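Student: Quick one, fold the following:
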Amino acid sequence: MPKLEMLTEQQRDMLLAWPSPEHEDSPWTKMSKPLSECKVALVTTAGLHVRGDDPFTTAKNGGDASFRIIPRLTDPADIVQSHTSIGFDRTSIYKDINITFPIDRLNELVALGKIGSLSDNYYSFMGALRNVTGLTDEYGPEVAEKLLDEKVDVVLLTPTWPACTNAVSVIARVLEEAGLITTALSLVEEHAKKIKPPRILSVPFNFGNTFGEVNNPSYQHEILAATFGLLERSEGPVLEIFETDEIPVLV
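Tutor: Sure, this is the predicted structure:
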């Protein structure tokens, strides 16, 4: 499970040169009520889907930009990851799905009164896309419409490896342009700098470990608090670095 700085120069250059649309500014939808009164949805680019659904495929030109619906009440044991890559290890997500898809942590935030409610459905894309027009022109707007129909206020977006950060940033812009409020996580700061999603937190963890450490709810909540904290900003784009004294030892 590497990090960008652990890769060879050639590998780093390849990831940093991943096709990213460049923007000068960012769409911005203002918060009109506190998070404790908001309905929150979860969107990921980790290539997750419900067991038995059609898997994602890389065979399509530029990658598979389609999405899968994951009902919120789906048993985590029935959520699988068909996106495979030598760039990240899938072991962590099978130990603790919250490492990328923090469904338990969001439920806990609702129970604590920090989030008003959660959407009935979550949405998953596969982030390994060299051509993002499918996200911007078709599937991203379709998901935005579904979220708006469900009266969602805030969308949390999560990646699992570098190209996923690229896709997260693109989707965040599409959703924000539709009137939703987004906040996201990044594993490659440079991609977010180019695309300029409205709000994004750059985390220093190994690819595949977006929320730091498996089976560590308190640490995952710390990262979520920082990510949702970006909603308090009055204007953007916001790119913030998650500051931590100790990087978890990942096993």
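Student: A strand includes Thr74, no?
Tutor: No: secondary structure of Thr74 (DSSP: H, G, I helix; E, B strand; the rest coil): coil, not part of a strand.
Student: Run through the residues that contact the closest residue to it other than its chain neighbours.
Tutor: Among residues not flanking Thr74 along the chain, Val50 sits closest, at 5.7 Å (CB to CB, 6 or more residues apart in numbering). For the C-beta atoms, the positions are set from N, CA and C on the backbone; glycine is no exception. Shown in contact with Val50 (CB atoms under 8 Å, 6 or more residues apart in numbering): 68-71, 74, 78-80.
Student: between these, which is closest to Thr91?
Tutor: Closest to Thr91 out of those is Val80 (13.8 Å), distances taken as CB to CB.
Student: In a strand, that closest one, correct?
Tutor: Yes: under three-state DSSP, Val80 sits within a strand.
Student: residues touching Leu129, list them.
Tutor: 62-65, 135, 163, 166-167.
Student: could you show me where the strands are in this structure, in order?
Tutor: 39-44, 48-50, 67-71, 79-81, 117-118, 121-125, 154-158, 181-186, 199-202, 238-241 (DSSP state E).
Student: measure the closest residue to Ser66 other than its chain neighbours to Lys39 for me?
Tutor: Distances taken as CB to CB, 6+ apart place Tyr139 nearest to Ser66, at 5.7 Å, with adjacent residues excluded. Between Tyr139 and Lys39 the computed distance is 22 Å (CB to CB, to the nearest Å).
Student: Same check on Thr244?
Tutor: For Thr244 relative to Lys39 (CB to CB), the value is 30 Å.
Student: related to what we said a few turns ago, let me have the strands of the chain in JSON lines, adding distance to Thr29 and mean pLDDT as columns.
Tutor: Below are the strands of the chain laid out as JSON lines (distance: least, CB to CB, whole Å; pLDDT from 0 to 100):
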{"stretch": "strand 39-44", "distance to Thr29": "14", "mean pLDDT": "98"}
{"stretch": "strand 48-50", "distance to Thr29": "26", "mean pLDDT": "95"}
{"stretch": "strand 67-71", "distance to Thr29": "21", "mean pLDDT": "97"}
{"stretch": "strand 79-81", "distance to Thr29": "29", "mean pLDDT": "90"}
{"stretch": "strand 117-118", "distance to Thr29": "19", "mean pLDDT": "98"}
{"stretch": "strand 121-125", "distance to Thr29": "18", "mean pLDDT": "97"}
{"stretch": "strand 154-158", "distance to Thr29": "10", "mean pLDDT": "98"}
{"stretch": "strand 181-186", "distance to Thr29": "5", "mean pLDDT": "97"}
{"stretch": "strand 199-202", "distance to Thr29": "10", "mean pLDDT": "96"}
{"stretch": "strand 238-241", "distance to Thr29": "13", "mean pLDDT": "95"}
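Student: Would you format those strands as TSV with distance to Pro102 included?
Tutor: Below are the strands of the chain laid out as TSV (distance: least, CB to CB, whole Å):
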stretch	distance to Pro102
strand 39-44	7
strand 48-50	12
strand 67-71	13
strand 79-81	12
strand 117-118	11
strand 121-125	11
strand 154-158	7
strand 181-186	10
strand 199-202	13
strand 238-241	18
